[in-house]
Every structure is written in structure tokens, then in C-alpha cells.
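> here is my input, please return the structure:
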Amino acid sequence: MEQGGSQRQGHYHSHGQHMPSPSQESLTLGNVPPPPTFGAGSLDPARAAAAAAQPLLRHAVSATPGLVPTPSLHSHSRQGHDHVEHHSDGGEFPAANGDEGLGASVLRTAQSMPVIPMGPPPASSGSLLPSFATPSQYAGPPAPPKFSSPPRPLQPEYDVQPPRIPSNFAEIPLAPHSPAQRADNGLASPSGVGSYGGVSEEEFDAYNLSASAPFLLFSAQKVLSERKLMNTPSLGFGALVCPGREIEPSPPVIMHEPFRCQNCGAYVNQHSTIAPRTGSWSCTFCKKSNESNGEYRAASIDDLRNWPELATSVVDYVDSGTRRPGFVSVSEASMSAPVVLLIDDSLDEEHLAQLQESLHTFLDSLSSATRIGIVTYGRTVSVFDLSESGVAAADVLPGDSGLSHELKQMLIYGTGVYLAPIHVCLSIAHSIVSALRPYRGGLAEAMRERCIGTAVDVVLALIQGPATELPVSTSKRSGGRSRVLLCVGGPNTLGPGSLPYSTNHPNYPYMEKKATKHMEHLGQEARRLDIAVDILCAGTCPVRIPTLQPLASASGGLLVLHDDFGEVYCTNLQRAVRRSTGFRGILEIRCSDDVAVTRVIGPGEEAHVGTRSGQFRNDTSTAVRLLSVEDCQAFAIIIELEDDLEESHVHFQIVARYSSVHQAEVTRVMTVRLPTTDTLTDYLHSVDDEVAAVLIAKKTVLEAKTTRDAADMRASVDERVKDIAVKLGNNATKSKILPFPSSLSRMPELLFHLKRGPLLGSIIGHEDERAVYRNLYLQAGFELSLRMIAPRLLMHREAGTFEELPAHDVAMQSDSVIVLDHGTDVFIWTGLRVVADEARNAEAQAACRTLVQELTEQRFPAPRMLSFKEGSSQARYLQSRLIPAHKDPPYEQEARFPQLRVLTVEQRARLKSSFLPTDDLSFCEWMRRLKLSV
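Numbering: from 1, shown residues only. All right, here's what the predicted structure looks like:
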């Protein structure tokens, strides 16, 4: 068909020539830069037990076929309303009945009634605190949460109570309380601290910290009362929050609207003060009294513990809407959010063969209910018909201009089936992938025509469907978040958002700015339609990251670089479609008086007034609109004091509101309080140096936008470490060598790794790679963030066991096999003596690969794995990431790497001689240059 029309094509063939190519800011209050980037990693083993801790709930699972139970603590019985149960037979039953206007009732004063502060539960019930279950560190992603139904205690008969509706199945109580497990750096219980029912305040706070640890990590577990010292810029204070983290067991789920303070908007929590006779409660933040409409009326503190929101630090409020309470159709939830493959058809034969193999594996891995679409782009855009069996039939659209209204209508209302469930069209999808043909022209990769902008526009219209006829202000309500997987092998050189193939073009800077703006607009439009665009690049051709990155970031997706279209590429395709937790999210942060949030770093933007609830008169919370809600994301929250503190505790409440993939509205409320201290020593002992180092790194990397900026940031790391020693260290001695605070002894080495590693150092040479690495780090969760700045080194021992060692080059011994996990890259290095022993080598290699698989099973993006032996050219990849400790004198080597003590003098000399001379400083040399000691 002529240009401007839509054309049916029998057997698919290659269309002409093509090409493709690939920021992040913090949210500073009052002045919001372009959307930042951000995600959640597994906690390290030292933190794993406490981090996974959650109150155990027994589960009631429906046997109704074809339905998945959604979070369903039953609608709680309220004063004057019927109690409603969910029937396991799936039959009709009354909807949950509850009051909506939380502030409509007149507040009753409880002058003569006892007021019970919500602290630790009494000891009379046997064990003291909710028990913990520690999930496997490498467990797979949890299924849709099952819900528990803890009974509400019978209200004390101060008034006549309505009869309760009999339950058709036994009510399942909360798990019995058990002693609290403490988080890392758990606070000790000093003598003289008051206790409630045998549990001290510090024990209760430690329990709440450990329960919230999978979602919320503070850089210190105490807050310094003195503003000047607390706000020391070189160390700082803050938290990492993973609002979309999914763990097993999941937090307690509550199926009614949360009670909120009518003055400031804060949510009721375990630290709220309750008047049990009236059920009224006092806000933790503004101290105002609020009604609960009789919900919290109880005869004793023991009864109040049956409300999860009053007993633990993290709860999920779930509203399943007008659908059958407690259930949601699997097919309805899964099929309403399609996955569209957008494939570059200008690849060479080798790259295309790899991509086809990856796509075949990816299609076979999809859930049978997943709807898919397949579109290719080059000189034209080909939208494949999934109803045509036996042939690869496509509608072909021009790629050199934007998609006109007429073409959109022809595409949407045409006869083709462009989105279909995978169980219906799997064989057709495989035939389409097999029919792809390599590029046959004579142009170099960077010069081939690729119309990425037009192709994305076509896909957005395809997913939106007839809703394209609605006004622009109308937001399409989908059943979930759609995802576009954009497979890129070169730069965008044709149509809207394109660039000249050569950077020497006289108008290149202007055209790059224009293309960046267009791609950002496409990303914003995709987000409005609840569509995330993930860009997966591969090959050696430059893809112009600065123009592609805004498309992924603005839509809530991610841009990832790969060496090729092989195994790792396929793994990332599979994990990309599984990682979403929700969409349309808002993050709210509340702090006690005189405590303020000064910056938020992550994939979000400042929420406008219209997105925040306007019903609360004095709501001073910091609100951030989430570009996406995913299990692997995290936000860095920087906190400062506005004045000296007088209270004994500081409260923090983090609330994430989003739509889940199961079409339920989720409100996750995390409430933690930290004790204050007047003593600098106590504060420093409470600092988690790993969390603090990650926060420092995120602030530093945020400023390293260019190579010149990275050089400046490396110098700032030196100044930061010196400033911490001067302002927070013990300077009583008159020595010229200042001691670094002993309680922060691990921090200097972590920051040294940051300075010389891929984020700021010279390991990554190309600016495009650095931009992608930076963008990924700014939205990564704690575990991945820590690994990206400080690699983890594990040495293989006998019987498949591993020993964790410092990341120093003296670990590269000829009779050893080591694994280095650096976040986005994992290396296996084998010494020559092990290589010579075939049986030992095979055993070690198998153990190392199994370990790597376990360490990275849930990581997105999946890391690149390289395996090599001692003396090979690739060994430099590993050695450049290790601290050159071989340059240090023996006593310093032994102090930081004690395993060297078992080596003889000859073995140590031979080990030292195996390293090439280098100008890189060792950690000890760097500290001496700064005139510091650890």
C-alpha cells in the first residue's frame, strides 16, 4: 500500500535499514528537578533474620475454583453495625458495613476513663511480642497474599450490643505472641527504663524496627538531640524505604478504611494512645483526639492487641472495590494488562539469532493468561496479526513521521488481532519470531534506519485501543500495568525523536535536546496510560543513552545495557514482566515536630496538591508521586533537624498508597519511633555504617552527572571522610594522625570502594555506560546498592562451602577459587593450581555457579557473569575492583586480611610477585594520605 496507508503483508521480510540508542534527580522540597531514578535487594545475612521478621498469621484459603483470595482480614465489627464474614463456598453474602466519615461523630472526652498508651503488650498472655518467621533468603516471589481473619474482642457491655452474625467458618486468631527478635544494632535495655507488662520500651521499639526492616532502614537507630551535630553534612541522617517490597509472610492485611487523624492526616498506629471505653485515640504526631466510631472499644489492653494496626509497625489496608469482597478473578487481573515486544529488525545475523533464541524462551515462560503483542521497527513499523496461523502477517505503517489520527483509527478498528492471550497464540508468536530476517543492506550499524519514536507511539495507541477517542485529560483505567519491552540494537535515526548517525553533525546538540524532549513526552504519555517502557539494549553499537533514558524513566521503566542478546538478556526479559508490585503510587512521609525531610532520591516526582488529600487542615507530610511501584526499588530519604529536640522519642510514618496488580487499592503504613540521645558516643554506636554509606553514595552519585562531575565527587569523598573524623572523632590526642570513629570503622572502606568503583572511578570507560549505571544505582534497593559500591568476595572451601573475605587482591591465590559479587557483575576466578586438578576444578566451578544463581535469583537487572582463570586477560576485570592490598606492609595486610597468616614467607613473596605494578592506592595508603587511622 502507498505511504500513509496500512498494508497487509503475507510473509514477513526485512524492511530497509534502521538503528537505536539509550537521568535521575533528587526531589528537593520546593524545587523539583526532572524525575529521579531509584528499587529492593535482599538484606545481607547479618541482617536477614531481623529484616524478614513479621507477625505470623494463620491463613484461611478459599476453595472457590478460578478465584485467587485477596488480602482479607474481615471487615471489623464496629459499634452499631453488623459483623460480616466471608463464606468459603463463594456464595452471596452481605458487603462489609462500616462508617466512612471518620470525623463525623462528636468526640467523647474520657475524663473519668483510663487512657492506655499503646506500648508493649502485657506479659499475662504467655509470650510477650508477636513471633517472627524468617523466610528463605533466596525464596521466589510470593503469590498473591492470603489473608487472615483475627477476631475482634467482644465490646464491653457499656451499651446494648447488636447480635453478631454467626460465622460459617471458624475465626482464626492472630498467632500467639513470642519474644521479640532484635534488628541489627538492636537497642539494649538499660536498667531503670520503665516496662509495660514485662517488656521494656526499648525491646518493643527493637521489635518494631525489626518488623519494618524489610521495608524501612534507618542510618541510625537513635537520633541526636543536638541539631548542630545531628545535621553534620558529612555523615547525615536518613532512611531507605522500599514501599513495594513483597515478603513472605506478608504484613497483616486489614479490609477496611484506615483511621486517620482529622487534623494532620496521620494514621493510627501502635504508638497511638487509646481510651478503651470510648475507642477514641490520640494522634502520635499532633496529639489531637480522634474517634474510631467504637472500633477500638475494648475491656483491656490484651483485647486491643487483636488489632494488627495497634500491635505492629507495618500493616496493609486493602480495598478491593466493588468486586466480590475478598476475591478477584485471575483471568480478569492478568489478561487486562498486555506485554508488547517491540523488536529491532535491523540486526546482524549473529545478534538476531541470539535474540530469536531469547524470545522463544521468553514466550514459553509467560503465564498462559498473559496477553502479548509483537511489533517490529526499522524503516517502517510492522504490527503483527496474532490470528493468522501459518504465516507471519503484519500491518505496515510508515516510520518517518508521527502516527496520524487516520492511521490510528485504521490500526485500532482494523480486522487484525494484535493483542491476544499467549495460550491462544503461542504457536503464532513463535512463527513470527522465527520469521524475522537479518539486515541485508550495506550500511554500518550506527547508520541503519530505526524509527523508535514512531514505533513507541504505535504501541501506546495499540494498548490504549478505542480509548484514544477520549479527551486527553481522561485517564484510562486498566486492570493492571501494561509493559512494553523495547529491544534495541542501535540509535534512533528516523522519524520523531531521531538523531543524526554522526555526533559531528553541526546541529547535533540542538537535535539531541529536541529528541530528548520528545522521548520524555512519550514516557509521560505512557505513564498516564499505566504503561511502563523497559528498554533492553545489546551489542556494541552506541544507542545514544541520553535520548532513550528519559523514555524509560518518565514511564516508570528501566534501561539496561547488555553485551549481547544471549542468556542474561533472556533472563532480564523474564524478570522485567514479573517485577511490578503496583502502579499509580503516592509516598507520604511524616515526622515529629522539629524533624524535616529535606530531600528524596528515587524514581518519583513531587506530588501536586491535587493528588494529596485536601481534607486535613494541617497536613505537613512530604508527598512523592511514584513513577512505579516495584519490589526491587528503594527511595533514599534525607532527614535533618530544624531545632534541638526535647522529646524522648522521634516518630516517623511512611505511607505508600498504590493500585496493586490484583486491582486492589493498597495503603501500606509503616510507623517507627527512634529514641533520642544527648550523647554523641551513643548516637555513633547506633549508626548502621552500611545504610549510612549507601545514603552517602546516593547523594554523591546524584551529583556525578558527567565525567568531570565524577572527578569532583571523588575529591568530595576524601573531604567527607576527613570531616567525619574531625567533627565526630576523638581528637583529644595531639597526634597529626586523626583516629576515625571506631563505631564507624567499616564506613571508610565502603566509601573507598565507592571512590574507585564503577560509579565514580575509571572502571567504566564510556559515558553511556556510566549514565545507565548511575540511573540504576539511584533507584536500587539496599542490598543491590551496597553491592554496587562495595563488592562481596567469597572464597570456595571444602565440601562446597564458602568463606567471606575482604575484597582485597591478596585473595587471588593460585590454590583458591573466588567469587566476586559487584551488583551488576559477578566474577568467578580460578587459580592455576586448582585448574590443574580437574576433579577439584569441576567441583569448585559447580559450587560457584550454584552460589551465583542463589545470590542473584531475584535481582533485576540480572548481573553479567564472567568466569576466567588466573593469568588470563579477563582477570583484570576482577583485579581492578579489588583493593590493591599487596602494596601494604605485612603487618597491615595481616590486620585487614588475617587469612594471610597461614602462608609461609615464600608463599607470600610468590603471591606479591604475581601482581603487576600499579599506581592505585591501597586503602591503608589512602587513609595515610588523608592523615587518618582506623
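> so where is the stretch 451-600 of the chain shaky, pLDDT-wise?
467-480 (pLDDT under 70).
> buried sites along stretch 535-545?
535-539, 541-545 (16 or more other CB atoms under 10 Å). (Glycine included, C-beta is placed from N, CA and C.)
> and for that stretch, what's in contact with it?
Applying CB atoms under 8 Å, 6 or more residues apart in numbering, the contact partners of stretch 535-545 are 19-22, 347, 351, 355, 445-446, 485-492, 499, 512, 548, 551-552, 557-565, 569, 572-573, 576, 767-768, 771-772.
> quick one, domains of this protein?
Using the TED database, the domain parsing of the chain gives 220-322+586-677, 339-468+478-565, 687-789, 791-933.
> ends of the third one, how far apart?
From the first residue to the last, domain 687-789 extends over 19 Å; the measure is CA to CA, to the nearest Å.
> also stretch 279-292?
Stretch 279-292: ends 6 Å apart by CA to CA.
> okay, which residue is most central for this protein?
Gln633 (1.4 Å; CA atoms, centre = their mean).
> make CSV from the domains of the chain and add distance to Tyr207 to it.
Listed next are the domains of the chain as CSV, based on distance: least, CB to CB, whole Å:
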stretch, distance to Tyr207
domain 220-322+586-677, 8
domain 339-468+478-565, 34
domain 687-789, 17
domain 791-933, 26
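> can you tell which of the ones you listed is closest to Phe204?
domain 220-322+586-677 (8.3 Å; CB to CB).
> Arg584 sits in which helix or strand?
Mapping Arg584 onto the secondary structure by DSSP states H and E places it in strand 580-591.
> after that strand, next one along is what?
Counting by DSSP H and E, the next helix or strand C-terminal to strand 580-591 is strand 595-601.
> the helix or strand following that next one - what's its average pLDDT?
Of the helices and strands lying after strand 595-601 in sequence (DSSP H and E), the nearest is strand 604-606. Strand 604-606 shows a mean pLDDT of 90.
> any idea how far Gln270 is from Asp682?
Remark: distance between Asp682 and Gln270 (CB to CB, to the nearest Å) = 24 Å.
> how about the nearest residue to Ala576 once chain neighbours are set aside, what does it touch?
Nearest residue to Ala576 in three dimensions, chain neighbours excluded: Asp534, at 4.8 Å (CB to CB, 6 or more residues apart in numbering). Contact analysis of Asp534 by CB under 8 Å, 6+ apart lists 483-486, 552, 557-560, 576.
> what's the pLDDT at Phe285?
According to the prediction, Phe285 has pLDDT 95.
> residues contacting it?
Neighbours of Phe285 in contact, by CB under 8 Å, 6+ apart: 261, 264, 266, 590-593, 651, 653.
> which stretches of this protein have low pLDDT?
Ranges of the chain meeting pLDDT under 70: 1-199, 321-336, 467-480, 609-614, 732-733.
> check which helix or strand Arg668 maps to.
Going by DSSP H and E, Arg668 is in strand 665-677.
> check which helices and strands that strand is in contact with.
If contacts are counted by 3 or more CB pairs under 8 Å, 6 or more residues apart in numbering; DSSP states H and E, strand 665-677 sits against helix 201-212, strand 216-218, strand 223-224, strand 314-319, strand 649-660.
> pairing partners for the second one, with directions?
Strand partners for strand 216-218, identified by DSSP bridges, are recorded as strand 237-241 (antiparallel).
> about what we covered before: mind picking the one among the contacts of Asp534 that's closest to Arg440?
Checking the contacts of Asp534 one by one against Arg440 (CB to CB), the nearest turns out to be Leu486, at 23.1 Å.
> now whichever helix or strand that closest one is part of, how far from the centre of its chain.
Using DSSP H and E, Leu486 falls within strand 482-488. Offset of strand 482-488 from its chain centre (CA atoms, centre = their mean, to the nearest Å): 19 Å.
> over to stretch 926-934?
Per CA atoms, centre = their mean, the centroid offset for stretch 926-934 relative to its chain is 35 Å.
> what's the answer for stretch 819-838, then?
Distance, centroid of stretch 819-838 to centroid of chain: 29 Å (CA atoms, centre = their mean).
> hey, C-alpha coordinates of that stretch in CSV?
The C-alpha coordinates for stretch 819-838 follow below in CSV (Å, rounded to 0.1, in the frame of the first residue of the first chain):
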residue,chain,number,x,y,z
VAL,A,819,33.5,-15.3,43.6
LEU,A,820,33.2,-11.5,43.5
ASP,A,821,29.6,-10.1,43.5
HIS,A,822,29.7,-6.5,42.4
GLY,A,823,25.9,-6.0,41.9
THR,A,824,25.6,-5.8,38.1
ASP,A,825,28.6,-8.1,37.5
VAL,A,826,29.6,-11.4,39.1
PHE,A,827,33.1,-12.9,38.5
ILE,A,828,34.4,-16.4,39.2
TRP,A,829,38.3,-16.5,39.3
THR,A,830,40.1,-19.8,39.4
GLY,A,831,43.8,-20.2,40.5
LEU,A,832,46.2,-22.2,38.3
ARG,A,833,46.8,-24.9,40.8
VAL,A,834,43.0,-25.6,41.0
VAL,A,835,42.8,-25.6,37.2
ALA,A,836,45.5,-28.3,37.1
ASP,A,837,43.3,-30.6,39.3
GLU,A,838,40.5,-31.5,37.0
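> ok so, going back, among the contacts of stretch 535-545, which lie within strands?
Among these, the members found in strands (DSSP state E) are 485-488, 559-562.
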